[in-house]
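[1] Make a model of this:
(3 chains)
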Amino acid sequence: MPPLQKHRLHWRRALFGVTTMAAAAAFAAVIVPWGVVAPRSVEHLVLSPAFLPYVLSGLVGLFAAVHAVVSLRSPELADVAREDDAHPRWLSRLCILSILLCCYWVLPETVGMLASAIAVTGGLLWLGGERRWPVFLGIALLLPAAIYLFFVTVAQVPLPTGELFG
Amino acid sequence: MATSLKNMKAAVLGLAAAAALALPAVAADDWPSKRLTIIVPYSAGGATDVLARQVAELLGNDLDETVTVENRPGAGATLGTTQAAIARPDGYTLFMGQVSSHGIAPAVYKNLQYDPIEDFSPVTLLISIPNVMVVNQESSATSVAEFITMARDGGMTFGSSGVGSSIHLSGEMFKSRTGLELTHVPFRGSGEAVPALLAGDVDVMFDNLPSAIPHIQSGALRALAVTTPEPAEALPEVGTLSESGIDGLEGFAARSWFGILVQDDVDPGIVAKLSDALNRVIATPEFEAFAETRGAQIEGGTPQAFASFIDEELEKWRVVVDEAGVSVE
Amino acid sequence: MDALLQGLELFLSVENFVAIAIGVAVGVIVGSIPGLTATMAVALALPFTFGLDPVTSILLLVGIYKGGVYGGSITAILVKAPGTPAAACSVLDGYPLAQSGKAGKALKMALYASCTADLVSNLALIFLAGTIASFALQFGAPEYFWLICFSLTVVISISGTSLLKGLVSGLLGLLVSTVGLDLVYGTQRFTFDNFNLMSGVSYIPLLIGLFALPEVIDFYLRKAKPLAVRGADASRVSWPEFRRCLPTILRGSGIGVAIGAIPGAGATAAAFLSYGEAKRTSKRRENFGKGEIEGVAAAESGNNGVAGATLIPLLSLGIPGDVVTAVILGAFMLHGLTPGPLMFEQNLDMIYAIFVGILFSSVVLLIAGSVAIRQFVRIADVPPHILLPVVLLFCVFGSYAVQNQMFDILVMFAFGIVGFIMMRIGMAAAPFLIGFILGPLFEDNLRRSFLISDDLGVFLRSPICWIFIALTVFSLIVGLRREYQMRRTAKAVEADS
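    Numbers count the residues shown, from 1 in each chain, chains lettered A, B, ... in the order given. From the prediction side, this is the model:
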């Protein structure tokens, strides 16, 4: 690995350590008092509901600090030599993927789980580069229908039918 | 969140009410004409679920319709109860109510998303299960009075299946009635709490009868009293707390119970039909045998009786929860 | 002796054989589907047992349970979506093996390890039930606390390339486990008035999200690779390989039996403990996490060793150690039987009949597993752009099925994103999971110890406490030293090249 990259790598690690430390501190200072309701009087410190969250965020901060110091003092070699094989249009693909995943969360309540599953599976197949229509028909239509039937009838899971068809 | 749910519910109710007004008589006559569902606010395999599955099978036979069980667990039964409350009030979605959803939870959770009285119409109380005050066989207490004398010295603990369970609140009720200082040690379920009692890590527990009875029979645990006003059929020789003769314990009544409810706007004709069917179900030999193996008392009765029973329960647990200070803001 | 003969007679009926066969088969299928757990299958099967003979119905349920515990490993190895929580550990080495075209080998080793452990567990149940049960009862809150501390040291072994990141990952898992209503006071912790979070973050959606979803996301963001056609996978486990893994399997079985007998600890902890021990003592520990067959053997023997042992507290004391055994207890009671010491006196023949049936189920598991593997291994040949949408479909349906709540799908996606980020920054996900699973046990028992006694001496009250303190310290020192040495040799090798 060229020296320049090595240099950048250990700075990146130090940055990770510092960011984590800051996050841990913010968590202990803001989120814990806000999110944990502690009773007014507690017999032992350990019995307080906020005890473990404070200890844990403290430890995260501590380990992150050690990490930062270690990476600055002794720059190790790369964890994994990660070749850059990101998809050329990874950003637009990430957007499509996010939209498809959101469909699984938003759609089932209105159009039902089956229709959502067919839509998302079809979308993902297309995104993955599948263009043969018999495969489409089988994987995006028949398979979700079969799995849906299995869950609903055999496993008796009441998957949402959707308000439109309910 | 709460408002949007209420709006949604109002809309659903409005639609249903309109439909019910249009064809009131037909609704009850035709019922049931499709599959019924019992919503259980606990996971598959739990005590409530097993009861619901037994009821579903027998009710299905009685009505000649399929009855299925839907588990909607989470947040100490409150999630499933909310979902049952906003279900379509057509008499096809039943709810397996219990001491938590219609007794303890409304007292414990200050911001519940359902109203145990406004949102539901009680149908039939099915069974009740006494709790039983048990100590380790090596404990020197052989009666409630002896236990209280020992506990006056302090340092005693009582186990439970979790904060806000009937086991926990029976203990809290006992504490506040007798003025004793007992430390509550919560576990996750009776299955974890009973071993602690067997090992002597906690001193007493007001366990549900079915999980305690094998250990009482084998002699590992000693039953001091049951928490219901009358002795339990499964343990006829064990007295009640109410009649133990100790000041403050008169009228002590704490038990787990299970009953079917439907949404508030269900046609009264359907409620009556369903109630009749359920009363037939719990009178079958199969159900009697089932109840016996669980140490349960078969209850039955009219929707009105169940409604006033729920009123009493809500009031009783509210007092206990307020005194014990275990509410969730 | 009479009772034994009567028991045999009770067992030798066609119904019993059929019940075990159906049970195991159903269990393997259900167990292999993420989100559908053995617990659900056992609960769903319970009504079918109303009309059956007591022995037959118990054997049916036990068969489902055992099949389910094994079945989870199949999808864990093939598509990195553990079918059951306990199979999460099998992902660590099973999935890399499958990726390198050795899915068949990994699956077969998982099966052999499972069946061996199952057999050991059953033998322990039959011959040592009484001894083990009284040992299990000695585990009060302080003993439990130290056991969990010992289990947490496993994090060192499963941290992957960066120990510090692994530790942070474990701590974050512990932190997520604190979400929900507080055990002692019932107050809210990080729930922010959301009722869906009050009983905590759901376990299975978190697990599926953390492991399976990052693979899906990653696939779509990478350059399309030429399809790696692997062909029908015929790799198998050779006899020397099995013999090499046998000590690991036996140790894993032992760990499984010990953990299974203690109510509430669970198969997941056993699998990870077994894995950690195997890695600590193995000559090939550098290879762990990259596709080491011994790792699969360790994980699977650990979680299957639990299956028979959870029946120990149930049968000998009448205490259900987990939800599955609680349902089986329900089945006993439906037939008017109460497990416990009394049953050994009054219905010994029935106990023996059940024992014989359970022993037989290990054999059935081997057969059913072999058949299942032959079918499932074809999944390895499906091109990823077709396989992954279907995996996602199962993940979504499975997450929903756990509690029948849409919210759990959101939980799965959220932890999918967390898992993806962790993957990109080289932070191992396994410590997160172990922290999440052990977190409540750690905290509950710590606080319970304080409730039971005001005296700090309660943490040192018994020999069991001392043993686990010693084990924890030993494991920490040895584990950290080994990691340090491994890194140094790795560095030296890299510097040489």
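[2] B:T37 is in what secondary structure piece?
    Here B:T37 is covered by strand B:36-40, with elements defined by DSSP states H and E.
[3] Can you confirm whether that strand lies near chain C?
    No - shown here: strand B:36-40 not in contact with chain C (Cβ under 8 Å from any Cβ of the partner chain), separated by at least 9.4 Å. Just so you know, the C-beta spots here come from the backbone N, C-alpha and C atoms, and that holds for glycine as well.
[4] If I take the next helix or strand after that strand and strand B:36-40, what angle do their directions form?
    Reading on from strand B:36-40 to the C-terminus, the next helix or strand found by DSSP H and E is helix B:47-63. Inter-element angle recorded for helix B:47-63 and strand B:36-40: 170 degrees (by axes from the mean of the first three to the mean of the last three Cα atoms, to 10 degrees).
[5] contacting residues around helix B:47-63?
    If you take Cβ atoms under 8 Å, 6 or more residues apart in numbering or on different chains as the criterion, helix B:47-63 is touched by B:32, B:36, B:38, B:40-43, B:66-69, B:71, B:96, B:98, B:126-127, B:208, B:210, B:258, B:260, B:277-278, B:280-281, B:284, B:286-287, B:290, B:294, C:43, C:46-47, C:50, C:327, C:330.
[6] Now intersect these with the helices, please.
    Taking DSSP state H, the ones among the contacts of helix B:47-63 that sit in helices are B:P210, B:A277, B:L278, B:R280, B:V281, B:E286, B:F287, B:F290, C:A43, C:V327, C:G330.
[7] Who are the contact partners of the second one?
    Contacts of B:A277 were listed using Cβ under 8 Å, 6+ apart, and they are B:L59, B:D62, B:L63.
[8] With the first one instead?
    Neighbouring residues of B:P210 by Cβ under 8 Å, 6+ apart: B:A47, B:I129, B:R294, B:G295, B:A296, C:M333.
[9] how long is stretch A:155-162 from one end to the other?
    End-to-end distance of stretch A:155-162 (Cα to Cα, to the nearest Å): 19 Å.
[10] Mind checking the pLDDT average for that stretch?
    The predicted model gives stretch A:155-162 an average pLDDT of 84.
[11] same question, stretch C:318-326
    79.
[12] contact partners of it?
    Contact with stretch C:318-326 is made by B:43, B:45-46, B:191, B:194-195, B:198, B:214-215, B:218, C:38-39, C:42, C:65, C:260-266, C:310-311, C:313-314, C:328-329, C:338-340, as judged by Cβ under 8 Å, 6+ apart.
[13] among those residues, which are in strands?
    When strands are assigned by DSSP state E, not one member of the contacts of stretch C:318-326 lies inside them.
[14] quick revisit: looking at the contacts of B:P210, spot the one nearest A:D85.
    B:A47 (53.6 Å; Cβ to Cβ).
[15] residues near that closest one, how many?
    Using other Cβ atoms under 10 Å in any protein chain shown, the number of residues around B:A47 comes to 20.
[16] separation between it and B:P186?
    From B:A47 across to B:P186, the span is 18 Å (Cβ to Cβ, to the nearest Å).
[17] ok, and the helix or strand in chain A with the lowest average confidence?
    The weakest-scoring helix or strand in chain A, judged by mean pLDDT, DSSP states H and E, is helix A:3-26 (a mean of 77).
[18] That one packs against which elements?
    In terms of contacts (3 or more Cβ pairs under 8 Å, 6 or more residues apart in numbering or on different chains; DSSP states H and E), helix A:3-26 is packed against helix A:51-73.
[19] The same query, at a cut-off of 10 Å, please.
    Packing partners of helix A:3-26 (3 or more Cβ pairs under 10 Å, 6 or more residues apart in numbering or on different chains; DSSP states H and E): helix A:51-73, helix C:163-177.
[20] So for chain C, the centremost residue is which one?
    C:A86 (2.0 Å; Cα atoms, centre = their mean).
[21] does that one count as helix, strand or coil?
    Look at C:A86: counting by DSSP: H, G, I helix; E, B strand; the rest coil, its state is helix.
[22] contacting residues for C:I386?
    If you count contacts by Cβ atoms under 10 Å, 6 or more residues apart in numbering or on different chains, C:I386 has them with A:T121, A:L124, A:L125, A:G128, A:E130, A:V135, A:G138, A:I139, A:A140, A:L143.
[23] Find the residue ranges of the chain scoring beneath the pLDDT cut-off.
    Just so you know, I chose chain A. Along chain A, segments meeting pLDDT under 70 span A:1-9, A:73-84, A:165-166.
[24] Can you look at chain C instead?
    Chain C contains residues with pLDDT under 70 at C:1, C:224-234, C:264-265, C:487, C:490-491, C:493-497.
[25] Just give the closest residue to A:V42, not the sequence neighbours.
    A:S48 (4.5 Å; Cβ to Cβ, 6 or more residues apart in numbering or on different chains).
[26] ok, that neighbour touching C:T178?
    No - in this structure, A:S48 is not within contact of C:T178 by Cβ atoms under 10 Å, at 11.9 Å.
[27] More neighbours: those two, which one.
    Between A:S48 and C:T178, C:T178 has the larger neighbour count (other Cβ under 10 Å), namely 24 against 21.
[28] re earlier: including distance to C:L128, could the helices and strands packed on helix A:3-26 go into a markdown table?
    Shown next, in a markdown table, are the helices and strands packed on helix A:3-26 (distance: least, Cβ to Cβ, whole Å):
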| stretch | distance to C:L128 |
| --- | --- |
| helix A:51-73 | 36 |
| helix C:163-177 | 33 |
